[in-house]
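# Sequence first, then the predicted structure, then my questions.
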Amino acid sequence: MMMSTTDAFLTTCYGTPTVPTVATSVSTTLSTTTTSSSSSSSSSRIVSSLAVSTSSSSSTSTSGTSTNSSNNNNNYDIVQVELSDGRDYPIYIGTSYSDEQASSMLSSHIHGNKVLIVTNDKIAPMYLEKYQKLLSDQEGKDVFTLVLPDGEEYKSMEILQRILDKALEETLDRKCTFVALGGGVIGDMVGFAAAIYQRGVNFIQIPTTVMAMVDSSVGGKTGVNHPLGKNMIGAFHQPQCVFIDTDTLSTLPDRELQSGIAEIIKYGLIRDAALFEWLEDNMDLLLARDPSATRYAVKRSCENKAEVVKADEKEAGLRATLNLGHTFGHAIESGSGYGTWLHGEAVAIGTAMAATMSAELGWIDSDLVQRTYRLLEKANLPVELPVDSPMDQATFLKYMAADKKVANGQLRLILLKGPLGNCVFTGDFDQTAMIQTIDEFVAECCRPNS
Ligand SMILES: NC(=O)c1ccc[n+]([C@@H]2O[C@H](COP(=O)([O-])OP(=O)(O)OC[C@H]3O[C@@H](n4cnc5c(N)ncnc54)[C@H](O)[C@@H]3O)[C@@H](O)[C@H]2O)c1
Ligand SMILES: O=C(O)C(=O)C[C@@H](O)[C@H](O)[C@H](O)COP(=O)(O)O
Ligand SMILES: [Zn+2]
């Protein structure tokens, strides 16, 4: 008898399709005051929940981060990422930096005398000269630059090789510092190059997109894509600092801005109900690039991410919750061809799928599904696949089977469960709900035999 695509997937990921699955995920809870994690308990799940008051944004000290406004001009905040072994680092979130201020802040994180700034051909004309000058202003520093092609399709080993070639050509030694100037693509690639160059050198993140400011520059996940899967080759490697100048967002196209908002919505859904509610009330301001709304959203996102990274740097469990919508979303990015969808757009559709599936499982009520859809749509993000999408059930299942959260052949997903702000990371779900969800989302375009 021929096996259907669904059965083939279930066999790959769950053993025999008809046999009930056993969850192998871990259990972790996090609150504002206590953090506990365990990486080995079986048949349990992760639950994360954190209620945060929106008024706490300028002087909070929460698990995993300490936040303050520590400068006379009050033009920047610092969110501290707290890690083991003296690897803590600051995220500077600011605006209107003077050249002198930016130069001295950045230079305090550069210890060697050779610096390599890597950016792409879209960002270079706007910001490279400025940062090259800021870093060259410090005596005794040699600053080299490298400009890569722009686009998700260039987040590859082949293009990353150019960073290593340049570093070797300029005889950069182990004390050198790489600087990633750009969005998440540049940040992930430069971070990975820094992780493997001479077995690891320092690097600094200067994120210039919302996506990079609220998510990718923080937490040390670095890497490149592979045709068979998103971010499949990489390393955990933390930066020396993250330097955010929200003024750079003035040149960011609307579509890119909206893409980054998908990850802010994610923090609200998985652990920060107050942030979600703030987004419901303030999305228009965020889309209009209102400076204080932008600063609040970036800061609150960095605080959320820093707390999770502190609790679980290498994704033993809790950190996986940052992957809400990503198993579906990464399948959409890889399956459609890198660059077809922006990362945040694919995550937005994936988030809609995760919410739909969670409701199908009876884990959240329909009101939360509707609020999720409404907020994504308010951010002008997609919540469905277009009719001409190449994504069909088989393509979803193929890429999902290779997801990095698959453990011992079992796919695990982040799903919403309970009231707003709560999620689970689990392989213990009814598989038919997942298949049904995929079918609902491909039904409009290319479901087999439709
Ligand atoms: N490491 C992590 O934890 C993490 C988290 C989230 C996303 N990511 C990765 O990040 C990538 C997506 O990042 P992204 O959304 O920043 O995409 P991106 O890096 O491709 O940048 C988006 C576009 O905006 C341009 N751009 C950047 N800054 C600009 C500016 N200030 N003005 C005008 N144009 C500007 C870029 O050149 C590009 O064309 C994906 O590869 C995703 O997997 C990683
Ligand atoms: O930092 C994390 O952990 C995340 O999962 C953040 C995600 O938004 C990001 O897209 C990340 O790159 C996904 O990681 P991956 O391990 O699923 O490739
Ligand atoms: Zn993401």
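Sure thing, it's come through. Ligands and ions are numbered 1, 2, ... in the order given.

# Flag every residue of the stretch 1-150 of the chain that's near ligand 1.
120, 122-123, 150 (C-beta under 6 Å from any ligand atom). Yep, even glycine has a C-beta here, placed from its N, CA and C like the rest.

# Could you do the stretch 301-450 of the chain as well?
So the stretch 301-450 of the chain meets ligand 1 at 342-343 (C-beta under 6 Å from any ligand atom).

# residue boundaries of the helices in the stretch 301-450 of the chain?
326-336, 343-360, 366-378, 393-401, 431-442 (DSSP state H, counting those that start in this stretch).

# quick one: average pLDDT of the helix or strand where residue 168 lies?
Using DSSP states H and E, residue 168 falls within helix 157-169. For helix 157-169, mean pLDDT is 98.

# Contacts for it next, please.
Residues outside helix 157-169 that contact it (C-beta atoms under 8 Å, 6 or more residues apart in numbering): 116, 118, 144, 146, 148-149, 176, 178, 189-190, 192-193, 196-197, 224, 226, 233.

# Name the residues of it that come out as buried.
Buried residues in helix 157-169, defined by neighbour count with 16 or more other C-beta atoms under 10 Å: 159-160, 162-163, 166-167.

# does any bit of the helix or strand following that helix sit next to ligand 1?
For helix 157-169, the succeeding helix or strand toward the C-terminus, using DSSP H and E, is strand 177-182. Yes: on the criterion C-beta under 6 Å from any ligand atom, strand 177-182 is in touch with ligand 1 at residue 182.

# and strand 177-182, which strands flank it?
strand 114-120 (parallel), strand 202-207 (parallel) (DSSP bridges).

# Give me whichever of those strands is most buried.
Using mean count of other C-beta atoms under 10 Å, the stretch among these with the largest mean neighbour count is strand 202-207, at a mean of 27.

# Restricting to C-alpha, output that strand in PDB.
The C-alpha coordinates for strand 202-207 follow below in PDB (Å, rounded to 0.1, in the frame of the first residue of the first chain):
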ATOM      1  CA  ASN A 202      34.900  39.300  19.500                       C
ATOM      2  CA  PHE A 203      32.000  41.000  17.600                       C
ATOM      3  CA  ILE A 204      29.700  43.900  18.000                       C
ATOM      4  CA  GLN A 205      26.100  44.200  16.700                       C
ATOM      5  CA  ILE A 206      24.900  47.400  15.200                       C
ATOM      6  CA  PRO A 207      21.400  46.500  14.200                       C
END
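
# And residue 187, how close does it get to residue 430?
37 Å (C-beta to C-beta, to the nearest Å).

# Between these two, tell me which one has more neighbours.
More neighbours surround residue 187 than the other of residue 187 and residue 430, with 29 against 14 (other C-beta atoms under 10 Å).

# That one against residue 207, yeah?
Yes: with contacts counted by C-beta atoms under 8 Å, residue 187 reaches residue 207, the gap being 6.2 Å.
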